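1. Show me the folded form of this:
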Amino acid sequence: MTWRYEPAPPDEGYTFRWGRGSGVITVHRGDVRGTHGDETLLDTVRIGRDRADDRDLRLEARRWLKTKAAEMRKAAHEGRLGKPGPA
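-> Predicted coordinates:
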């Protein structure tokens with residue numbers, strides 16, 4: 001299993017975890033490198049393949065962060081940021 005922590009503004013960060021043979025990356029709030037629990041789980045990203053090395057996790061983490069940033073910009077533009085979504 002490999003972990004990668006990516007700081008994200010403002011004062012937020014995410015830990016990405018990818019186990020060999022799992023085909024998924026789990027995204028956790030905060031710096032939880034070295035843990036195996038899911039108490040801070042935010043997202044599960046299906047990759048559908050195994051990682052070749054730790055660089056694969058870095059690339060997938062940055063892809064997830066870019067997607068999240070784009071979603072937040074869109075929500076802010078639409079005036080939804082910080083407001084509950086439809087029920």
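
2. hey, where'd the helices end up in the protein?
-> Listed in chain order, the helices of the chain (DSSP state H) span 54-77.

3. residue ranges with poor pLDDT in the chain?
-> 80-87 (pLDDT under 70).

4. Mind checking which residue lies nearest the centre of it?
-> Centroid-nearest residue in the chain: residue 27, 3.7 Å away (criterion: Cα atoms, centre = their mean).

5. In this structure it contacts residue 8, no?
-> No - using Cβ atoms under 8 Å as the test, residue 27 is too far from residue 8 to be in contact (11.1 Å). Yep, even glycine has a C-beta here, placed from its N, CA and C like the rest.

6. shared neighbours of these two, which are they?
-> Both residue 27 and residue 8 are in contact with residue 14, where contact means Cβ atoms under 8 Å, 6 or more residues apart in numbering.

7. check contacts around the closest residue in space to residue 27 that isn't next to it in sequence.
-> The shortest distance from residue 27 to any residue other than its chain neighbours is 4.1 Å, reached at residue 43 (Cβ to Cβ, 6 or more residues apart in numbering). By Cβ under 8 Å, 6+ apart, the contact set of residue 43 is 26-27, 64.

8. Swap in 10 Å and give it another go.
-> Contact partners of residue 43, counting by Cβ atoms under 10 Å, 6 or more residues apart in numbering, are 14, 16, 25-29, 64, 67-68.

9. measure it to residue 21 for me?
-> Applying Cβ to Cβ, to the nearest Å, the value for residue 43 to residue 21 is 20 Å.

10. what's the answer for residue 29, then?
-> 25 Å.

11. between those two, who's got more neighbours?
-> residue 29 (14 against 6; other Cβ atoms under 10 Å).

12. ok, so what distance separates the more buried one from residue 75?
-> 18 Å.

13. and if you look at residue 8?
-> Distance from residue 8 to residue 75, by Cβ to Cβ: 16 Å.
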